[in-house]
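Peer 1: can you look at this prediction? I've put the sequence above it.
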Amino acid sequence: MSNMYDNWERLVAAVIRREQLWQMFHDQSPSSSSMSSDSSLDSSLINVPYDFSSPRDSPPYQHLPPPAVEKSQKREKSIDKGVSGLVFIEGFNPAFVLEDMLRTSTEFLADGTFGSAYKAEMDNGIVVVLKRLNVVNIPEKKFKQHMEVIGNVRHENISALRAYYFSKDEKLMVYDHYSNGSVSAMLHGKIGENPAHLDWGTRLRIAVGAARGIAHIHKQSGGKLVHGNIKSSNIFLNSQLYGCVSDLGMAKMIATPVMQTARYHAPEVKNTQNVSQASDVYSFGILLLELLTRKSPLHATSGDLVKLVNSVNGKEQTANVFDVELLRNRNIEEQMIKMLQIGMSCIARTPKKRLKMAEVVKMIEDISMMNTRNRLQQKLVFTEDLNPAFDYDDMMMASVEVLGKGTFGTSFRATLLGNRISFVVKRLTDVNVTGEAFHQKMEVIGRMRHENVASLMAYYRSKHENLVLYDYHGQGSISSMVHGKRGDNHTSLEWETRLRIAVGAARGIAHIHSQVGQTLVHGNVKSSNIFLNAQGYGCVSEGGLTTLMSQWALPVLRSAGYFAPELTDTKTVSQASDVYGFGVVLLELLTGKPAIRSAADGEAIQLVSWVNSIVYHEWTGEVFDIQLLKYPSLEDAMLKLLQIGMICSASDPWRRLKMSEVVKILEDISG
């Protein structure tokens with residue numbers, strides 16, 4: 001028992017420390033747009049080992065080599081002589097200063113044409129990208145003028161410059177962090193990782209977003225501004241999942257010879273300072289070819305991408321060019337060919353023959369509209385660019401079995417006649433959004449591809465009917481496994497199975513929370529919405545449906561036992577309330593008891609309240625499911641899981657963990 005309370009005290013202490021840090025940084029949030037720093041950005045300090053987190057009053061510079069320590073200490077003594085501060089771009093309300101960035105731990109992201117990029121996550125939760133520039137041989141005044149020009153370029157498809165720093169030894173730029181990574185990483189994979197699934201709709205949004213961003217850049221400074229470094233590693237996804245252009249304006253400031261192996265640059269560009277809007281168009285054309293072929297122009301093994309595409313002679317040879325993933329959908333062949341033609345016009349060898357970016361935007365938007373019309377002409381809209389195995393009429397003729405009635409509608413198992421394909425059809429009730437908003441929401445949900453998130457297969461919308469289709473999981477929900485179906489006994493669940501359920505579900509919810517600029521919410525986390533995937537890990541279903549529904553009354557929510565105390569209706573769900581729901585699921589897995597049950601006198605017993613009362617009275621042994629008591633060697637792991645469940649289901653939202661934190665702790669427990 002003492003072991004349990006030792007662990008509990010350590011967890012509580014960690015939470016308190018985090019709250020103190022959070023409060024400290026919010027209390028000290030700066031208000032002016034330009035702030036001086038009492039810290040020196042020394043080259044050695046940034047270079048080794050990409051970690052600024054050690055405070056100067058704790059073992060100083062413990063990770064640095066002796067020369068770097070000596071140099072840093074000398075520079076500290078000269079701080080008061082005046083060091084340029086971190087300058088924030090007008091309109092950006094900062095919640096950090098240079099000192100915060102110095103002390104935060106950073107993650108190396110990549111080396112680029114003009115410098116190295118790092119991910120910096122501060123103690124107050126803010127995540128930014130810190131770009132450390134290579135040698136910049138221009139005066140400070142000219143550097144700042146250039147930063148102001150770049151900072152004033154505001155557009156939803158352009159990554160905004162948030163702040164910059166200038167000193168004799170360091171030039172830094174601060175941007176927002178995009179959690180999905182670059183388009184290059186999505187297409188070709190990071191080192192040690194596989195490429196992402198990118199359907200045609202996603203590639204279209206990348207293309208049209210990037211085109212809009214570049215076209216906007218070309219309108220600035222009297223129609224003379226140039227990006228100068230268009231490539232897939234400088235394109236990200238914004239919160240609407242459209243292409244967003246980063247690294248604006250570096251080329252004119254830093255003279256770098258163009259390597260011929262860097263095949264994004266137009267033939268006429270010999271040095272980064274003679275880039276032009278026409279060379280931007282050429283580079284964008286290479287990006288289009290990359291999206292269509294999934295071949296990188298940077299690697300010799302891929303060959304020369306321009307030569308490969310130019311070798312295509314006629315429609316019948318396009319199969320030799322397009323990504324095999326796109327060729328599975330015959331319905332988009334015409335759109336792909338049109339996009340290929342745009343790309344080839346952009347990479348014309350003579351600059352005068354290339355399109356203008358404004359023209360490119362219009363042409364790609366026309367293709368995007370064609371794609372939307374084609375998809376909505378089908379009664380049943382599939383979220384993946386695959387040839388569907390059935391249509392709406394097939395679905396209506398399928399044999400149907402009622403699975404259950406949930407918060408937002410009734411679920412059926414549909415089995416097609418003949419080929420015996422089974423899937424789940426959920427008939428939604430009380431949908432309270434327009435048809436356009438419904439389609440947009442389905443597009444967002446349909447793009448959530450993760451092994452621990454049940455994929456939306458298709459959807460249907462009409463005046464009287466709203467349907468969503470998911471894969472069928474034959475083993476049933478976690479709720480039915482833990483508590484049994486009506487009339488059936490529950491399944492005996494071993495400890496390892498319960499742990500895999502918890503880890504998988506946590507990963508799935510954390511992935512949902514990372515989408516749409518880290519604002520997406522599941523909204524209905526409960527054990528009946530969690531299943532087992534093919535690897536035996538938890539898989540979360542019904543993510544994101546809450547925002548489609550009418551506002552449900554508070555008593556209805558409370559009766560479910562999963563909804564956080566702060567919720568007033570379904571429209572007020574948040575990532576913190578998702579964490580609460582997950583905490584209840586953890587307690588279910590540990591206790592074997594439902595989220596809410598009736599006492600002998602008919603009074604409702606909330607699982608969270610019951611667990612807290614048992615732990616308070618030190619009756620911990622009575623908490624756990626009797627099936628788990630046969631694992632005495634796992635007592636410590638079970639106690640840790642109990643502690644996590646209790647913190648996640650805390651009454652105050654700010655006391656709860658983040659799902660990314662939960663994943664890390666659970667993975668540590670599972671080994």
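Peer 2: Arrived safely, thanks for sending. Since this is a predicted model, take the numbers as computed values, not measurements. Numbers count the residues shown, from 1 in each chain.

Peer 1: secondary structure element for the closest residue to residue 245 other than its chain neighbours, which one?
Peer 2: Leaving out its chain neighbours, the residue that sits closest to residue 245 by Cβ to Cβ, 6 or more residues apart in numbering is residue 213, at 3.8 Å. Yep, even glycine has a C-beta here, placed from its N, CA and C like the rest. Applying DSSP states H and E as the criterion places residue 213 in helix 200-223.

Peer 1: I'd assumed residue 666 was in contact with residue 637.
Peer 2: No: if you go by Cβ atoms under 8 Å, residue 637 and residue 666 don't touch, sitting 10.2 Å apart.

Peer 1: which neighbours do the two have in common?
Peer 2: Taking Cβ atoms under 8 Å, 6 or more residues apart in numbering as the contact definition, residue 637 and residue 666 share the neighbouring residues residue 499.

Peer 1: which residue ranges form the strands in the stretch 301-450 of the chain?
Peer 2: Remark: strands assigned in the stretch 301-450 of the chain by DSSP state E, counting those that start in this stretch are 381-382, 399-405, 409-415, 422-428.

Peer 1: quick one: closest of those strands to residue 647.
Peer 2: strand 399-405 (30.4 Å; Cβ to Cβ).

Peer 1: tell me the buried residues in that closest one?
Peer 2: Neighbour counts over strand 399-405 (16 or more other Cβ atoms under 10 Å) mark residue 403 as buried.

Peer 1: low-confidence stretches in the stretch 201-350 of the chain?
Peer 2: Residue ranges of the stretch 201-350 of the chain with pLDDT under 70: 251-252, 254-262, 271-273, 298-303, 311-319.

Peer 1: before we move on, what about the stretch 51-200 of the chain?
Peer 2: For the stretch 51-200 of the chain, the stretches with pLDDT under 70 are 51-84, 91-98, 101-102, 191-192.

Peer 1: quick check: beta-bridge partners of the residue lying closest to residue 382 once chain neighbours are set aside?
Peer 2: Spatial nearest neighbour of residue 382, chain neighbours left out: residue 458 (4.5 Å); criterion: Cβ to Cβ, 6+ apart. Counting by DSSP bridges, residue 458 forms beta bridges with residue 382, residue 469.

Peer 1: swap in residue 423?
Peer 2: residue 414, residue 471.

Peer 1: mind listing what it touches?
Peer 2: Residues in contact with residue 423 (Cβ under 8 Å, 6+ apart) are 413, 414, 457, 469, 470, 471, 472.

Peer 1: the last one: what's it in contact with?
Peer 2: In this structure, residue 472 makes contact with 413, 422, 423, 424, judged by Cβ under 8 Å, 6+ apart.

Peer 1: ok, now the third one?
Peer 2: Applying Cβ under 8 Å, 6+ apart, we find residue 457 in contact with 382, 383, 384, 423, 469, 470, 471.

Peer 1: and if we set it to 6 Å?
Peer 2: By Cβ atoms under 6 Å, 6 or more residues apart in numbering, residue 457 lies in contact with 469, 470.

Peer 1: what do you get for the fourth one?
Peer 2: Residue 469 makes contact with 423, 425, 457, 458 under the criterion Cβ under 6 Å, 6+ apart.

Peer 1: distance of the second one from residue 402?
Peer 2: Which is residue 425. Distance, residue 425 to residue 402, using Cβ to Cβ, to the nearest Å: 11 Å.

Peer 1: quick check: neighbours shared by those two?
Peer 2: The contact lists of residue 425 and residue 402 share residue 412, where a contact means Cβ under 6 Å, 6+ apart.

Peer 1: ok, which of the strands of the stretch 301-450 of the chain comes nearest residue 546?
Peer 2: Among those, the nearest to residue 546 by Cβ to Cβ is strand 422-428 (11.0 Å).

Peer 1: what angle do the closest one and strand 399-405 make?
Peer 2: For strand 422-428 against strand 399-405, the angle by axes from the mean of the first three to the mean of the last three Cα atoms, to 10 degrees is 50 degrees.

Peer 1: roughly how far is strand 422-428 from the heart of the chain?
Peer 2: Taking Cα atoms, centre = their mean, to the nearest Å, one finds strand 422-428 lying 27 Å from the centre of the chain it belongs to.

Peer 1: tell me the pLDDT of the nearest residue to residue 598 once chain neighbours are set aside.
Peer 2: Of all residues not flanking residue 598 in the chain, residue 604 sits nearest, at 6.2 Å (Cβ to Cβ, 6+ apart). Residue 604 carries a pLDDT value of 80.

Peer 1: any idea how far residue 604 lies from residue 592?
Peer 2: Counting by Cβ to Cβ, the separation of residue 604 from residue 592 is 18 Å.

Peer 1: and the two? Which one has more around it.
Peer 2: Using other Cβ atoms under 10 Å, the more surrounded residue of residue 604 and residue 592 is residue 592, with 17 against 12.

Peer 1: how far away is residue 661 from residue 648?
Peer 2: The value you get for residue 661 to residue 648, if Cβ to Cβ is used, is 10 Å.
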